[in-house]
Structure formats: structure tokens, C-alpha cells
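**Student:** sequence? don't have it. structure:
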């Protein structure tokens, strides 16, 4: 069972490769809401997403294992993904000079495939997702070839946990705290797809700040994790959900991540309209490129604030998980004007 | 005549109020181009633009003057602008608890007016630009009322010069330099509207790094500064140019800024298609919200690289001047897909 020790080991392993990402806040947003919201900008991480942490830790762990036992030396890394995990694994393998092959559905956007290729990986395309999955499984049977899964893996989860391990010892400045102050967070919010990020966040937070609530957020149209929490058994969606939050389109969480997701202090579902709304507003307020999956989290914050006693000023940390948005999704985000409705108006 | 001393004084004055903004680079872009390009992220500055520096320095200088001579104490600050200068002056006055009034054309976007109001300023709208200008002039005649112009002012220019004064003593990290290394920049690129930023950049760079070229960039459809350089006299556009680069829609530079613009090492004009192209690509590569006026600068970089000896690897600093983009402009930026054409393809 993964523990905080694994996250500390991951921190040491990946430190030479990844960015310590900044934490930002918006003076306007904090004035309007009457709370202090801090944003951990993993969109500024290598490959534009927290996924670089998990991928890097998994590859580094394989390299260590190979140093102890040459028969287990990784000579080829494979993964199947059309999202940030693809770029993360390609980039991670490149850091250790290990050849990588990424299997992708052939409808992947040119810009994502190109980025993955630029990190030195070979790309193999297949028409069907099932075909992609079968090919990576077949490839991983070869001696010296290792498959890095997107979330159902202890090393990957430990890597993702370094986001919060880093944030909880990171001084921040804001208009309402002193310069270079390490705040106590009342709650941490992160999006939930397969559950790697929220599981790692939970482990790190419980160790470093036990009274901080850890809260997951998911699109209502792909609410498998939320329903799994309600029913106590892992629910699997029949089809890829039609949500703008493409980082949360996973069909199900895993037993490994459900163990932690069950223990979360809260979990919120977000409608598509609110995902669009915060995709515009967070970009506008923070001047960052923020994936819909990350922007979604702010509606969870608003739902949570709505059930808190009104008199207390809360300090909140939001994980901006990534910033990779293709042109089609950008076009959808900016089609209509949501900036004409202020957050205080929308949630009054 | 403004000198580097004024910029140093400005640095000391505005330090408690403004952000030291980070410098970013894109490993992919640098790999593709074979050069090292660094981006000074003034889009992450207070009010989302470098304009906070000039506004803050101008107001702080007035406050100092009032401390020496109570008859000149600023009791009311006014400005006329529908752009970043409006928010900058409102925010700057607020830092010193001085009431501010901003005169704006009535077609200003709700989100910009709201932000200006949130910084505590009173907003007065008028239908015509001429009316706005007349009102601010009338207001500024009152004793104790001071008008902060957007660029034709020594204190404003000195404030804008702190961007480069800061950047030229700021360590950066990149894939091809050591960690925390202060690079020597071969060239600095900044957009040119009224010329405040490029003038301040020129003064700071000549002092701190005399061999660094300082280069201005302007939309081809509003090329008054470029033509002024060519003819040797200040040209004034008859109408507001129809460019996406709204920070460069000024009708003319001033004698004060022309003095420095004349001395620049280069000046490039950029077509609208290239402004759109880099608005998408820089957002994608840097994960920052970058105004078209800032993105435009990259086409100037590409034009300049194109006339350099091909064998030398260049180190370049680009000022990302701001990140305030309304929904309508965002929609225009993301309407068509420019991410399918890689920079190396476009400029081959």
C-alpha cells in the first residue's frame, strides 16, 4: 500500500527534472468572494500538466530497479494515451534516454501527436481504442519493455502526490496574507479522472496538514467516481462521457484509487455550463491557460463554500492540473460570453 | 530628459506594490527554432499588464512631490483609457488611497469597466473618444487633480523601463542553459503602441547590456511608428487601425518616445495573420494568457532571425506585455486552427 514515504521518495527522484510550479492568486476574485483562493499552477509544469510528475517517478523507479537487477533494466517504455499522459511518458523516458513508444487513437490532434514526437517518442496510431489497448499490452510482454499506466500504479500515484507535498511547504504571497507566508489551507480541491492526482493529494495532505479537507471534483456527465462513492462499489461508464473536461473522461477509477477516493472529505459534480464559465473566468483572472478539467474545480469550490458557515474566511488550494487545450476546445470555450456575469452574480 | 537613474528610482518606488514577474521558456519552441527565447511574463503583473509599473511610478512620484510641497499633494487622479492603462491607474491610485476617476468610451467591455471599478475608481462614460479626452482635460485643471497619460510622460516611461531593468538582472533556467543563469541577450523585443514600453526598454538595456539590440514591433495595419522612423517625422494615423493588437491601436507616438524609437536597433511590422498565428502558438507553448499585442512580437523575432547568420544560436528576450483579452477577441483568436502548422513549417 502506497504511503507518504513513497511520495517523499518520488520528490527526491523527480526533483532534477520537473519544475517547482508557482502558486498564484487573484486579488479581484478574493475580494469578490471574501475568501483566499490559491492556485497551484501545474499547467506550467513540464509537458503542461501534473502528469509529468507521475510519469517521471515511474520511469525513474524502473531505472533504479534496473540498477539493482540488470535483468529488469528498462530498455523500452510504452504507454497508451491520447492525453497528457502520452506526452508525460514520452518526456519522462527521454530524460533517461530510454526509447518510448506511445499508442494513440488515430483521431488524436496533430498538435498533441507532434508534441509527443518532439519528446523523442515513436507514435503508433490505431483506429479503435480497443486496438490501441491490445497493442500496448502485447508490446509490454517483451522482456525489458515496461508499460506505464495513467493512474492504476503506485509509482504514478506517488509522483502525482508530489504536487500537494510541494504546495504544502511552499510560501505564497497574496493581498491578504503577509509576503512569503505558508498558509494553513482549510481545503484542497483537485479534479478526479482515474483518481491518481486526488489519491496522491489525499496521502500528502493527511500527512502534512491533517485537518485540511481534501475534496474531489468530477463532471456531472461522467460522474462514475461520485456514484462509486455513493454506492460503495466501483461503477464503470458504458461510453466515454461527453464532457469538455477531457482529463476526466476515464470510464472508471481503479480499486487502488477508490481506496483513497472513498476517504475524501467531499466530492462534487459539475455541470458543463459551469465548466465553460470557469474556463473563461480563471483564464481571465489568472492569465494562465487552464484546461476545462482544471477550471471545473472552481465550481466545486463554490458548492463547498455554499455549505460552510458564512462568517468564516476560508483559505483554499486549487490544483490547476494542466494547460493543454486544442484549438477546437478553445473555440468551444470562447464561443459565448460568460465574462459578462460576475462570479458573485452567478452564485448569488 | 529621462535617464537610467529615473528607472532605478522607479524600481525602488514601485517594488512594494508590483510583482517581480517570472521569465519562461518553451523547450519545444527552442528545439524547433534552434535558439533560446525567453519570455518576460508581464501578463502575470498586477492588473495583467506592464502598465501597472508606469501607473504606479507616476502616482508614487506625485505622492513624493506632495510630501515636499503640500500645495502639490495629489488629492484626485484622473485618466482616459479603455485599455490596460485604465486599470493600471485605478489600481495605482488605490495603493496610495487617492480617489481616481477614469473616463472611458461607453462601448468599453463590461469586464474591463468592472475590473477598473473593483480597483476602487469611479468610471465616467462618454459616447465619443473626443468627448472622453475633453472631459479628462477639464477635470485635470482642478487644483490637486493630476492626469496620468498612457505614455507621453517621463514617470510613466521610467516605470515601464523597470520591466527590462528587472529582467536584465534576473536569473533564468532553461533546458540549454544552467540552472539560475543570467544570460546575455542578443536582442530584446517589445511591442510598440505609444512607445512607452519600448522607450523604457531601450534606456534600461543600453545601460545594463549595451551590446544587446533593442527592437520594436508594430502591426502593419497601424504602422505609424515604423513610418515615422523611415521618414524622420512623427506620422499620425487618421483613424484607429483595425488590428487585433489592441495595445498598438494608438494613433501616434509622441516626441518624447520618438527620441528613443529613432535609436532602436530594428523595427518590424507584423501582418494580422501572423498576430493570430502567434496568439495561438504562444498560448499553447507557454500556457499563459497572452494578448495579441504581445504575441505579435514573435513574428518580429522570426523576421529578425531570418536576417541573422544561420550558424549562430541566439538568445532573445521577448516582453509579454499583457494578458487582458475580452471574450470577443478570444473568440476571434480561436476561430480557425493555426496549431496544425508548426512554426518551422510556417517560416521555412
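**Tutor:** Looks like it arrived, so ask away. Predicted model only: the values in this text are computed from it and were never measured.

**Student:** mind giving me the domain ranges of chain A?
**Tutor:** With domains defined by automatic domain parsing, chain A comprises A:4-49+A:154-340, A:52-147.

**Student:** Going along the chain from the helix ranked longest in chain A, find the next helix or strand for me.
**Tutor:** Using DSSP state H to define each element, chain A has its longest helix at helix A:51-68. Sequence order places strand A:76-80 as the next helix or strand after helix A:51-68, per DSSP states H and E.

**Student:** tell me the angle the following helix or strand past that following strand makes with helix A:51-68.
**Tutor:** Sequence-wise, the next helix or strand downstream of strand A:76-80 (DSSP H and E) is helix A:84-95. Angle, helix A:84-95 to helix A:51-68, by axes from the mean of the first three to the mean of the last three CA atoms, to 10 degrees: 40 degrees.

**Student:** Give me the contact status of helix A:84-95 with chain B.
**Tutor:** No: remark: helix A:84-95 sits outside contact range of chain B, by CB under 8 Å from any CB of the partner chain, the gap being at least 8.9 Å. To be clear about C-beta, it is placed using only N, CA and C from the backbone, and glycine gets the same treatment.

**Student:** contact partners of the helix or strand following that helix?
**Tutor:** Per DSSP H and E, the first helix or strand lying C-terminal to helix A:84-95 is strand A:100-105. When contacts are defined by CB atoms under 8 Å, 6 or more residues apart in numbering or on different chains, strand A:100-105 is touched by residues A:76-82, A:86, A:89-90, A:93-94, A:113, A:116, A:119-129, A:132-133, A:135-136, A:139.

**Student:** what packs against the helix or strand just after strand A:100-105?
**Tutor:** The helix or strand immediately downstream of strand A:100-105 is helix A:110-118, counting by DSSP H and E. Counting contacts by 3 or more CB pairs under 8 Å, 6 or more residues apart in numbering or on different chains; DSSP states H and E, helix A:110-118 packs against helix A:84-95, strand A:100-105, strand A:122-126, helix B:27-33.

**Student:** returning to that earlier point: make CSV from the domains of chain A and add mean pLDDT, distance to residue B:44 and mean neighbour count to it.
**Tutor:** Converted to CSV, the domains of chain A look like this (pLDDT from 0 to 100; distance: least, CB to CB, whole Å; neighbours: other CB atoms under 10 Å in any protein chain shown):
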stretch, mean pLDDT, distance to residue B:44, mean neighbour count
domain A:4-49+A:154-340, 95, 6, 21
domain A:52-147, 94, 21, 20
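
**Student:** Between those, which one is closest to residue B:347.
**Tutor:** Nearest to residue B:347, of all the domains of chain A, is domain A:52-147, at 15.9 Å by CB to CB.

**Student:** Pull up the distance across that closest one, start to finish.
**Tutor:** With CA to CA, to the nearest Å as the measure, domain A:52-147 spans 15 Å from end to end.

**Student:** likewise stretch A:338-346?
**Tutor:** Distance between the two ends of stretch A:338-346: 10 Å, counting by CA to CA.

**Student:** ok, residues contacting it?
**Tutor:** Counting contacts by CB under 8 Å, 6+ apart, the residues outside stretch A:338-346 that touch it are A:29, A:32-33, A:276-277, A:280-281, A:284, A:302, B:109-111, B:114, B:326-327.

**Student:** one more time with 10 Å, if that's ok
**Tutor:** Residues outside stretch A:338-346 that contact it (CB atoms under 10 Å, 6 or more residues apart in numbering or on different chains): A:28-29, A:31-34, A:273-274, A:276-281, A:283-285, A:298-299, A:302, A:347-348, B:109-112, B:114, B:118, B:325-328, B:330.
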